[in-house]
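Q: Predicted model and sequence below, questions to follow.
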Amino acid sequence: MNFVCQQCKQTLHLDASLVDLSPSAYDLVASSLPPAPSASHGRQASGAEKLAQLPAPPSAKSAWRNSVQGTPSSPVTSPSQRRQSQQVPMHPSESFVLLQDSVIRNIPSQLPQTAPGKRATLTKGRATAPVQPAPPPEEPTHPNPSPLSHHLRSSLRLFNLLSSRTDLDHPLCAECTHILLGTLTRQLEETKKERDGYIAFEKEVKKEKDREGSGVNRLEAEAKIDRLKEEERLAIEQLKTAERERQQLEDELKSLEREEKALEEEEAEFWRQHNAHLLKSAEQASQLSALQAAFAADSATLDKLERTNVYNDAFCIGHDGVFGTINGLRLGRVPGVPVEWAEINAAWGQTLLLLYTIARKLDFTFENYRLVPMGSFSRIEKTTGDKATYELYGSGDLHFGRLLHNRRFDFAMVAFLDCLKQLMDYVRSQDPQVDFPHQVVKDKIGEASVKQQFSQEEAWTRALRHVLLALKILLKWTTNGSNG
């Protein structure tokens, strides 16, 4: 049993409830449908038309038609013929449901057989002609038709009934049915709105009739007209005033828009200048940070340099056992420790250079002497008297000329000690807090003579060590800033 939707032409599969529809369900569907449209609106339907519209089997319609149209001249059937007609079995396939065989034979069919491929449908907008009863079908030769034909005829009767009572052909698929229901729902809403409009209009008409029926006189109507005219004139004046005010407001709005545009341009210029200023400020801040970092680094370097004493690095005074040393050079000699005269002479050259440097830094001028630092061959010149020159270096050669030279070496060391005493006295005069542990008296410093001849080497070495200690104190006082 295949059906096709009459709208989208898709194959349909009937629900199980439609396949086996009971007579009560069929009657319920028929009663819920609107009455079938009639082609004859101005006259009463005839009995044949009513008979054709009734959902009755062909055999029942034929019997009713024969009984109504019978005349005295019609032949009278014999009782045997009546019994034969009563004994004709009914078609069980024309019933609404499948029942037992004993019951099916007593239920007549309801709708006439239709030709294959034809359906009794009504198209939208077309009046239907009176339905003519179909000729009674030929009686089937077999008393019990198959259930499939029964279901098919039942479904066709249902679809024909729906098509005859509505504007659309049936069957329909679920999607087309939903679309149809949506359209009908919208039509129902529009009809309700139209109905409400008619009801409201009817109420207004009734109110107007009631007012007209109250009997308003002519004078009151003219007074009302005059009053309405005055109100109209006042309303027109107010409208003109409002128009003038609107024009003024439009002019003010245009002026404000021009001012707003000027302010926007000014603001944009301000922000451009502000951004340029920010960029310049950021660049200057970056430069300032770089300068501050460089200043901090230079300050640290300066502080380090200020704490650095170049004189201590240039003249490193220390000791090596019983020897006083300057820049690692031993000054003096002791038995058992041979110190070369080259080392001693180089040490004396460094010592004389240190005394010369301290005096120049303090801007001090020695009396009677002038220092001439020349490394291992340094000398001291006397500026008064005979203006002699004393060599501040010695030798270990044992000959007569060498003895004279060593004597001049002793005079040079005594002159050096005299210059040292002058500088020590000057420093004491500048800063009484400076304390020298060994005093200088003529050729002695700390009870040890600086002369190398006719003295023990230990005493001479000790005196030279005291000389280096005094020079270290002078160097410290000169370089620590206490001298101003």
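A: Looks like it came in fine. Owing to the predicted nature of the structure, the values given are computational and were not obtained by experimental measurement.

Q: same for the helix or strand in which residue 251 is found, what does it pack against?
A: Residue 251 is located in helix 218-307, with elements delineated by DSSP states H and E. Helix 218-307 is packed against no helix or strand, with contacts defined by 3 or more C-beta pairs under 8 Å, 6 or more residues apart in numbering; DSSP states H and E. Bear in mind the C-beta positions are built from the backbone N, C-alpha and C, glycine included.

Q: next SSE after it?
A: Going down the chain from helix 218-307, the next helix or strand is helix 310-314, by DSSP H and E.

Q: Does anything pack onto that following helix? Which helices or strands?
A: helix 457-479.

Q: Flag every buried residue along the helix it packs on.
A: For helix 457-479, a neighbour-count test (16 or more other C-beta atoms under 10 Å) marks 459-475, 477-478 as buried.

Q: now swap in stretch 443-459 and tell me
A: 443-446, 448-452, 459.

Q: Could you point out the member of those that lies closest to residue 421?
A: residue 445 (8.5 Å; C-beta to C-beta).

Q: Does the closest one touch residue 470 like I think?
A: Yes. Between residue 445 and residue 470 a contact is recorded at 7.2 Å, counting by C-beta atoms under 8 Å.

Q: got any ranges where the stretch 51-200 of the chain has weak pLDDT?
A: 51-151, 165 (pLDDT under 70).

Q: what touches both of residue 445 and residue 470?
A: With contacts taken as C-beta atoms under 8 Å, 6 or more residues apart in numbering, the residues that reach both residue 445 and residue 470 are 420, 438.

Q: Identify the residues contacting residue 369.
A: Neighbours of residue 369 in contact, by C-beta under 8 Å, 6+ apart: 380-383, 415, 418-419.

Q: Per-residue pLDDT of residue 400, please?
A: Note for residue 400: predicted pLDDT of 43.

Q: ugh, typo on my part, it should be residue 315
A: 87.

Q: Could you check how many residues crowd around it?
A: Residue 315 has 20 neighbouring residues, counting by other C-beta atoms under 10 Å.

Q: That one contacts residue 325, correct?
A: No. Contact criterion C-beta under 8 Å: residue 315 and residue 325 do not qualify, at 10.9 Å.

Q: If you tally nearby residues, what's the number for residue 346?
A: 22.

Q: sec struct for it, please.
A: Put simply, residue 346 is helix when judged by DSSP: H, G, I helix; E, B strand; the rest coil.

Q: out of the buried residues of stretch 443-459, which are inside strands?
A: Under the assignment DSSP state E, those contribute 444-445 to strands.

Q: Closest one of the buried residues of stretch 443-459 to residue 275?
A: When the buried residues of stretch 443-459 are compared for distance to residue 275 (C-beta to C-beta), residue 445 wins out at 78.2 Å.

Q: That closest one - nearest residue in space that isn't next to it in sequence?
A: For residue 445, ignoring the flanking residues on the chain, the nearest one in space by C-beta to C-beta, 6 or more residues apart in numbering is residue 466 at 4.6 Å.

Q: Pull the contacting residues for the one you found.
A: Contacts of residue 466 (C-beta under 8 Å, 6+ apart): 437-438, 445-446, 448.

Q: make it 7 Å
A: 438, 445-446, 448 (C-beta atoms under 7 Å, 6 or more residues apart in numbering).

Q: again, but for residue 374
A: residue 349.

Q: And residue 445, by the same measure?
A: 417, 438, 463, 466-467.

Q: Show me which pair in the residues you listed is furthest apart.
A: Pairwise over the contacts of residue 445, using C-beta to C-beta, the maximum falls at 417 and 438, 10.9 Å.

Q: count of neighbours near residue 314?
A: Count around residue 314 with other C-beta under 10 Å applied: 13.

Q: just the one 3 residues further on next, same as before
A: Using other C-beta under 10 Å as the criterion, residue 317 is surrounded by 20 other residues.

Q: now residue 359
A: Neighbourhood size, residue 359 [other C-beta under 10 Å]: 19.

Q: among the buried residues of stretch 443-459, which two are most distant?
A: 446 and 452 (16.5 Å).

Q: okay, now residue 425: neighbour count?
A: Neighbour number of residue 425 under other C-beta under 10 Å is 12.

Q: any idea how far it is from residue 250?
A: 106 Å (C-beta to C-beta, to the nearest Å).

Q: can you check residue 435 too?
A: 103 Å.

Q: same check, this time on residue 289
A: In terms of C-beta to C-beta, residue 289 sits 57 Å off from residue 250.

Q: Next: residue 345.
A: 113 Å.

Q: again, but for residue 155
A: On the measure of C-beta to C-beta, residue 155 and residue 250 end up 75 Å apart.

Q: between the two, who's got more neighbours?
A: residue 155 (17 against 10).

Q: So what pairs up with residue 441 in the strands?
A: Beta-bridge pairing for residue 441 (DSSP bridges): residue 444.

Q: count of neighbours near it?
A: What residue 441 shows, counting by other C-beta under 10 Å, is a neighbour count of 12.

Q: Please apply the same query to residue 168.
A: Residue 168 - counted by other C-beta under 10 Å - has 16 other residues nearby.

Q: Could I get the phi/psi values of it?
A: Per-residue torsions, residue 168: phi -120, psi 150 (degrees, to the nearest 10).

Q: residue contacts, it?
A: Residue 168 touches residue 180, counting by C-beta under 7 Å, 6+ apart.

Q: roughly how far apart are it and residue 26?
A: Relative to residue 26, and taking C-beta to C-beta, residue 168 is found at 20 Å.

Q: Then residue 358?
A: 142 Å.

Q: who's more crowded, these two?
A: The residue with more neighbours, out of residue 358 and residue 26, is residue 358; 21 against 18, by other C-beta under 10 Å.

Q: tell me which residues in the host helix or strand of that one are buried?
A: Secondary structure assignment for residue 358, by DSSP H and E: helix 341-361. Using 16+ other C-beta under 10 Å as the test for burial, helix 341-361 gives 343-359.

Q: Hmm, residue 12 and residue 4 touching each other?
A: Yes. The pair residue 4 / residue 12 is scored as a contact, 6.5 Å apart, by C-beta atoms under 7 Å.

Q: So between these two, which is more surrounded?
A: Ranked by neighbour count (other C-beta under 10 Å), residue 4 and residue 12 place residue 12 first, with 16 against 12.

Q: Lovely, talk soon.
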